[in-house]
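K.L.:
Predicted model follows, preceded by the sequence.
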Amino acid sequence: MALVDEPGKGGVEPASLAELAHAVAELPRLELRGLMCLPPALPDESSQRALFAQLRRHLEELNSQGLELDTLSMGMSADFQAAIAEGATHVRIGTALFGSR
């Protein structure tokens with residue numbers, strides 16, 4: 001999901017999210033499980049948490065519309081603690097485990 005306008009990154013805009021999510025949920029061979037974001041590197045935990053909280057609120061809004069989403073994929077090695085604090089169910093921590101490429 002596009003929470004911040006970043007060159008080189010894409011994703012659905014918040015204004016289009018509900019329409020896309022409901023359309024995908026109607027497809028017979030797909031199961032929409034949740035939302036994912038890759039935010040920019042931010043300098044402090046409160047800024048990181050603000051973006052992750054925004055994604056969590058989008059998921060909660062979709063669930064209030066009848067979807068049953070259970071997945072928030074957000075957070076990487078540099079910000080996974082903030083992501084977990086905001087409800088992440090999946091984090092990407094390859095660098096923390098294996099070091100830089």
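P.N.:
Nice, thanks for sending it over.

K.L.:
Count the neighbours of L62 for me.
P.N.:
Neighbours of L62 under the rule other CB atoms under 10 Å: 20. Using the backbone N, CA and C atoms, a C-beta is placed for each residue, glycine as well.

K.L.:
Run a quick check on it versus E19, I expect a contact.
P.N.:
No - using CB atoms under 8 Å, L62 is not in contact with E19; the gap is 10.9 Å.

K.L.:
anything in contact with each of these two?
P.N.:
By CB atoms under 8 Å, 6 or more residues apart in numbering, L62 and E19 have no common neighbours.

K.L.:
Tell me the buried residues in stretch 67-79?
P.N.:
67, 69, 72-76, 79 (16 or more other CB atoms under 10 Å).

K.L.:
Touching that stretch from outside, list them.
P.N.:
With CB under 8 Å, 6+ apart as the criterion, stretch 67-79 contacts 21-22, 25, 32-39, 41-42, 45, 48, 52, 55-56, 59, 62-63, 81-84, 86-96.

K.L.:
Could you give me the PyMOL selection string for whichever of these are buried?
P.N.:
The PyMOL selection below is limited to those of these classed as buried (16+ other CB under 10 Å):
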select buried, resi 21+25+32+34+35+37+38+39+42+48+52+55+56+59+62+82+83+86+88+91+92
